[in-house]
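**Student:** prediction below, plus the sequence it came from.
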Amino acid sequence: MNNSMNYVATPRLGFSEAVKRVLNNLTNVNGRARRSEYWWFVLATIIVNGIFCSIFGSMSIIYAVVSVLVSLCTVAVGVRRLHDSGHNAIWVYIGFVSNVIVVVYVHATGFFELANTLNPNPEKIIETLSNPVYAVSASVSFICGLVVFIFSLFDSNMGPNKYGDSPKYIPADSQDQTASL
């Protein structure tokens, strides 16, 4: 961070502009993303997942495909969001991998079918959830999710950092030059 320069914050992104930015950078994990870009996209993913789950059910192939695509976009914008506040994105990657392990394990063990039966067997449910693969993956996923959540609340670093120029803060002298044009 360059403390010798004055920086000015640019206006927040709106919902549609933020979602467009994320969709234009679907797989881009380089650079930085503002808080507004990240949180508006989180809201959009909640809406999209809710709609597709309501229409197709949470166990359909269509919902699974949409969830995977949304997850990949979320990883990319999450990485850029952590970059914006100067944090390492390894938290996003570890969290994503542990989430994948949890989902594969839950589906492979038939947990949903077991839990949704008319008379579920509590011992079998506890046995499934206490398996070390599930317990460790779910714990890692929770911890990484919490860390990413906390880091994504941090403000942008003013000025450039090792991940690129700030999408929020621009040098005050460049604002003066653009205002005079």
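**Tutor:** Received, thanks. Numbering: from 1, shown residues only.

**Student:** quick one, helices of the chain?
**Tutor:** Using DSSP state H, the helices of the chain run over 15-24, 35-56, 61-84, 90-108, 111-115, 122-129, 132-153, 172-180.

**Student:** and the first one, what's buried?
**Tutor:** In this case it means helix 15-24. 18-19, 21-22 (16 or more other Cβ atoms under 10 Å). Every C-beta, even on glycine, is put in place using the N, C-alpha and C of the backbone.

**Student:** show me what it is packed up against.
**Tutor:** helix 35-56, helix 61-84 (3 or more Cβ pairs under 8 Å, 6 or more residues apart in numbering; DSSP states H and E).

**Student:** again with the second one
**Tutor:** Secondary structure elements in contact with helix 35-56, counted by 3+ Cβ pairs under 8 Å, 6+ apart, are helix 15-24, helix 61-84, helix 132-153.

**Student:** residues touching the nearest residue to Val140 once chain neighbours are set aside, list them.
**Tutor:** Counting by Cβ to Cβ, 6 or more residues apart in numbering, Val140 lies nearest to Ser98, which is 4.2 Å off, once chain neighbours are set aside. When the contact criterion is Cβ atoms under 8 Å, 6 or more residues apart in numbering, the partners of Ser98 are 137-138, 140-141, 144.

**Student:** just give me the closest of these to Asn6.
**Tutor:** Distance to Asn6, by Cβ to Cβ, is smallest for Cys144 among the contacts of Ser98, at 36.0 Å.

**Student:** next one: that closest one from Trp91, what distance?
**Tutor:** Distance, Cys144 to Trp91, using Cβ to Cβ, to the nearest Å: 5 Å.

**Student:** grab the nearest non-local neighbour of Tyr38.
**Tutor:** Spatial nearest neighbour of Tyr38, chain neighbours left out: Arg81 (4.2 Å); criterion: Cβ to Cβ, 6+ apart.
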